[in-house]
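Undergrad: build me a structure from this.
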Amino acid sequence: KAYNTSLTPNPSSLRPHCLARERLHLWIPTSSRNARDKQGNIVPLLPSDLQRIRDTLIHAYAEATRETYGSGLLTFHVYCDSKMIPEHQRAPVSNILISSFITSMAGHYSAKTIVNYISGVRAWHILHGLTWSLNDMETDALLKAAISLAPASTKRSKREPYTIDMITAIRDQLNLADPLDAAVFACLTTAFFATARAGEFTIPRLDTFDPAKHVKPSNVSDTQDRQNLRMKTFFLPRTKSALEGEEVSWAKQTGPSDPEEAFANHLRVNDPPQNNALFAYRHNDSYRPLTKTKFLQRLTSATKAAGRQPVSGHGIRIGSTLEYLLRNIPFDVVKVKGRWSSDAFLAYLRRHAQILAPYMQATPELQEQFLRHTVNLPPVR
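TA: Okay, the predicted model is just below:
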């Protein structure tokens with residue numbers, strides 16, 4: 001794929017034209033990891049030993065992260081080209097160059113994008129064994145300034161949550177006897193009631209299914225606790241926060257949004273092979289893994305057909321969190337179930353007055369009745 005005309009680097013043997021996710025690995029600085037210790041003494045290692053370090057380190061970054069960081073690395077080198085920065089000054093990078101790079105983006109990119117791009121340059125240094133030594137106070141201050149200067153067009157509108165009512169409306173627009181629709185609805189209800197990310201049950205692209213990374217029918221089990229309460233448990237082989245995998249689960253629900261019935265229907269209609277993608281669906285004479293793009297496209301079309309405003313994929317996990325909280329499930333329990341970091345968890349709570357309403361009632365009896373079913377609110381900083 002050709003570079004964007006506004007982001008085309010100068011030709012260089014150090015930077016071959018490759019996919020964004022390959023740039024961290026394939027773009028080489030003029031100096032890189034060498035076989036010397038801190039005192040400058042030679043350590044008897046072969047070039048292949050040094051190469052193996054780099055080849056191993058790249059797996060510390062998820063593919064989506066490598067793609068984002070690759071975009072940042074491209075932007076960095078295009079900026080350096082525009083300022084005629086020599087190669088040896090690009091890595092190890094100086095504080096003044098990084099500060100100048102940040103200010104060139106401030107006012108044009110979102111603060112999150114700028115942070116990701118700087119993280120990409122840092123990851124490039126780490127991967128190739130170069131020192132990353134910057135004035136953190138100045139960098140942090142510039143990144144804070146980038147938040148204030150970010151153009152309105154880069155600021156995301158509030159992410160609306162999926163609700164059970166919306167899921168039911170979507171169901172009414174799907175043909176659950178159709179292989180794709182059966183897979184989509186089962187994936188939606190599973191992700192929602194398991195409080196999972198959409199990307200954890202879908203595949204990035206048709207050609208990227210990896211049984212070592214993506215959930216399969218063989219990763220599904222039925223579990224039961226001491227009170228004989230049944231759950232469906234899904235082992236996710238790899239996630240953003242757990243490279244060794246983690247489990248999520250749901251229990252049977254009432255009504256048309258029941259994930260148990262949706263999942264059983266998917267198995268009846270599609271019967272995906274044990275070592276294929278969990279929500280693979282029949283396509284012609286074979287199976288096709290459910291990609292995140294296809295999943296969200298079908299949800300969008302069904303939502304519009306129901307006369308509703310489409311909601312982003314992030315709204316599934318957010319909506320699940322809110323649904324369980326509105327059922328008076330303790331905050332700490334929902335936080336663990338959703339695998340939320342504290343900062344993100346608190347941010348979403350503050351945006352939805354429904355969650356806080358029971359704590360603000362003037363009638364003590366109403367508040368006490370609610371508090372009997374919940375733990376204390378997490379501390380607000």
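
Undergrad: who's in contact with Gly245?
TA: Taking C-beta atoms under 8 Å, 6 or more residues apart in numbering, we find Gly245 in contact with 235-239. Placement of C-beta: from N, CA and C, glycine included.

Undergrad: please apply the same query to Phe185.
TA: Contacts of Phe185 by C-beta under 8 Å, 6+ apart are 170-171, 174, 176, 262, 265-266.

Undergrad: so how far is Leu127 from the closest residue in space to Pro237 that isn't next to it in sequence?
TA: Closest residue to Pro237 apart from its sequence neighbours, by C-beta to C-beta, 6 or more residues apart in numbering: Gly245 at 4.7 Å. Gly245 sits 24 Å away from Leu127, going by C-beta to C-beta, to the nearest Å.

Undergrad: now do Arg23
TA: With C-beta to C-beta as the criterion, Arg23 and Leu127 are 10 Å apart.

Undergrad: and Leu127, how many neighbours?
TA: Residues lying near Leu127 (other C-beta atoms under 10 Å) number 23.

Undergrad: and the residue nearest to Pro237, what pLDDT?
TA: pLDDT, Gly245: 89.

Undergrad: sec struct for Ala64, please.
TA: helix (DSSP: H, G, I helix; E, B strand; the rest coil).

Undergrad: just Thr103 next, same as before
TA: helix.

Undergrad: distance of it relative to Leu143?
TA: 11 Å.

Undergrad: quick check, pLDDT for Gln367.
TA: 48.

Undergrad: same thing with Ala152?
TA: At Ala152, pLDDT is 77.

Undergrad: how far away is it from Ser110?
TA: 10 Å.

Undergrad: contacting residues around the spatially most central residue of the chain?
TA: Centre of the chain computed as the mean C-alpha position; nearest residue by C-alpha atoms, centre = their mean is Lys240, 6.3 Å away. Neighbour list for Lys240: 62, 197 [criterion: C-beta under 8 Å, 6+ apart].

Undergrad: how about the one 4 residues further on?
TA: With contacts defined as C-beta under 8 Å, 6+ apart, Glu244 is in contact with Arg238.

Undergrad: repeat that with 7 Å
TA: Contact analysis of Glu244 by C-beta atoms under 7 Å, 6 or more residues apart in numbering lists nothing.

Undergrad: that one should be in a helix, yeah?
TA: No - the assignment for Glu244, made by three-state DSSP, is coil rather than a helix.

Undergrad: pLDDT-wise, which helix or strand of this protein ranks last?
TA: Among the helices and strands of the chain, helix 364-371 carries the lowest confidence by mean pLDDT, DSSP states H and E, at a mean of 51.

Undergrad: show me where the stretch 151-300 of the chain dips below the pLDDT cut-off.
TA: For the stretch 151-300 of the chain, the stretches flagged by pLDDT under 70 are 154-159.

Undergrad: how much space between Asp332 and Gln227?
TA: Asp332 is 20 Å from Gln227, by C-beta to C-beta.
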